[in-house]
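Colleague: I'll drop the sequence and a predicted model, then ask my questions.
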Amino acid sequence: MRSKGAHVRVVHQDAHSAGMLDLNCVYLGRAIHLEIKTPENDEGMSKIQLEEQACVRAAGGVAEECRSVPAALSILEKVKKGKL
């Protein structure tokens, strides 16, 4: 993502960051928050993460769950094309 020009910060989970998504990014002026899950994770995001996703979206940001690097890069491409 950095190679595409995004500013990326990894959120290190602790007691003060419950619910925060794993990556906070800025790309082309848009706030993008990504929750990274392995393909094997059948549970997806937790309730508190879904609430955080809704808050980010309500504020005009992008918040998505990703299961691969190509999926994360696809989100950047959608932002670039104005589709998110």
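Modeller: Happy to help now that I have it. Residues are numbered from 1 along each chain as shown.
Colleague: Apart from its chain neighbours, what residue comes closest to residue 51?
Modeller: residue 19 (6.5 Å; C-beta to C-beta, 6 or more residues apart in numbering). No exception for glycine: its C-beta is placed from N, CA and C like everyone else's.
Colleague: Isn't the one you found up against residue 46?
Modeller: Yes: applying C-beta atoms under 8 Å as the test, residue 19 and residue 46 come out as touching, 7.4 Å apart.
Colleague: who's more crowded, those two?
Modeller: Per other C-beta atoms under 10 Å, whichever of residue 19 and residue 46 has more neighbours is residue 19, with 16 against 12.
Colleague: what pLDDT does that one get?
Modeller: For residue 19, the pLDDT comes out at 89.
Colleague: give the contact list for residue 30.
Modeller: Each residue near residue 30 by C-beta atoms under 8 Å, 6 or more residues apart in numbering is listed here: 61-62, 79, 84.
Colleague: Export those as TSV, with columns for distance to residue 8 and neighbour count.
Modeller: Formatted as TSV, these follow (distance: C-beta to C-beta, whole Å; neighbours: other C-beta atoms under 10 Å):
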residue	distance to residue 8	neighbour count
61	14	17
62	13	19
79	13	18
84	17	17
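Colleague: that older thread, helix, strand, or coil at the residue nearest to residue 51?
Modeller: coil (DSSP: H, G, I helix; E, B strand; the rest coil).
Colleague: Dig out what the residue most central in space within the chain forms beta bridges with.
Modeller: Centroid check for the chain by C-alpha atoms, centre = their mean gives residue 34 as the closest residue, at 1.3 Å. Beta-bridge pairing for residue 34 (DSSP bridges): residue 23, residue 64.
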